[in-house]
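K.L.:
Let me see the structure of the following:
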Amino acid sequence: QVQLVESGGGLVQAGGSLRLSCAASGRIFNTYRMGWFRQAPGKEREFVSAIRWNIGTTYYADSVKGRFTISRDNAKYTVSLQMSSLKPEDTAVYYCAAGLTTGWTSGYDFWGQGTQVTVSS
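P.N.:
Residues are numbered from 1 along each chain as shown. Predicted coordinates for the structure are as follows:
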């Protein structure tokens, strides 16, 4: 079992930056992928970014490529999402996810509770 706790959400103006963090605890395998997803009101949850826990390979949704950066700290068991040049359409609840999935955008087994990000225009 893996527990995930997100932090760092908040209100920011368009063009601003925020850094989300996900603290992981429990039985974490080196082969896990750690992902960030988001869900805006009235929309389905969508993939944002992911990273392979062991070798650090990353993957991004086209909508955030060049603006968001995912990273991990193996010693602290944390995964971060640095978000820059934020747009109002980035407003959503952001979720951290973990799993042994071989795919980047689906198949995650564990989820955090989410943290709200609101970007004002």
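K.L.:
Show me what stretch 47-66 is in contact with.
P.N.:
Stretch 47-66 is touched from outside by 28-38, 46, 68, 70-72, 74, 79, 81, 83, 89-90, 94, 104-106, with contacts defined as C-beta atoms under 8 Å, 6 or more residues apart in numbering. C-beta here means a position set from N, CA and C on the backbone, and glycine is covered the same way.
K.L.:
Do a quick rundown of the strands in this structure.
P.N.:
Secondary structure of the chain by DSSP state E: the strands cover 2-7, 10-13, 18-26, 33-39, 46-52, 58-60, 68-73, 78-83, 92-99, 110-111, 115-120.
K.L.:
Adding mean pLDDT and mean neighbour count, write those out as JSON lines.
P.N.:
Conversion of the strands of the chain to JSON lines gives the following (pLDDT from 0 to 100; neighbours: other C-beta atoms under 10 Å):
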{"stretch": "strand 2-7", "mean pLDDT": "96", "mean neighbour count": "18"}
{"stretch": "strand 10-13", "mean pLDDT": "98", "mean neighbour count": "13"}
{"stretch": "strand 18-26", "mean pLDDT": "96", "mean neighbour count": "18"}
{"stretch": "strand 33-39", "mean pLDDT": "97", "mean neighbour count": "23"}
{"stretch": "strand 46-52", "mean pLDDT": "97", "mean neighbour count": "21"}
{"stretch": "strand 58-60", "mean pLDDT": "97", "mean neighbour count": "17"}
{"stretch": "strand 68-73", "mean pLDDT": "96", "mean neighbour count": "18"}
{"stretch": "strand 78-83", "mean pLDDT": "97", "mean neighbour count": "22"}
{"stretch": "strand 92-99", "mean pLDDT": "96", "mean neighbour count": "23"}
{"stretch": "strand 110-111", "mean pLDDT": "96", "mean neighbour count": "17"}
{"stretch": "strand 115-120", "mean pLDDT": "98", "mean neighbour count": "17"}
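K.L.:
how close does the residue most central in space within the chain sit to A14?
P.N.:
Geometric centre of the chain, nearest residue: W36, 2.3 Å, by C-alpha atoms, centre = their mean. W36 is 20 Å from A14, where distance means C-beta to C-beta, to the nearest Å.
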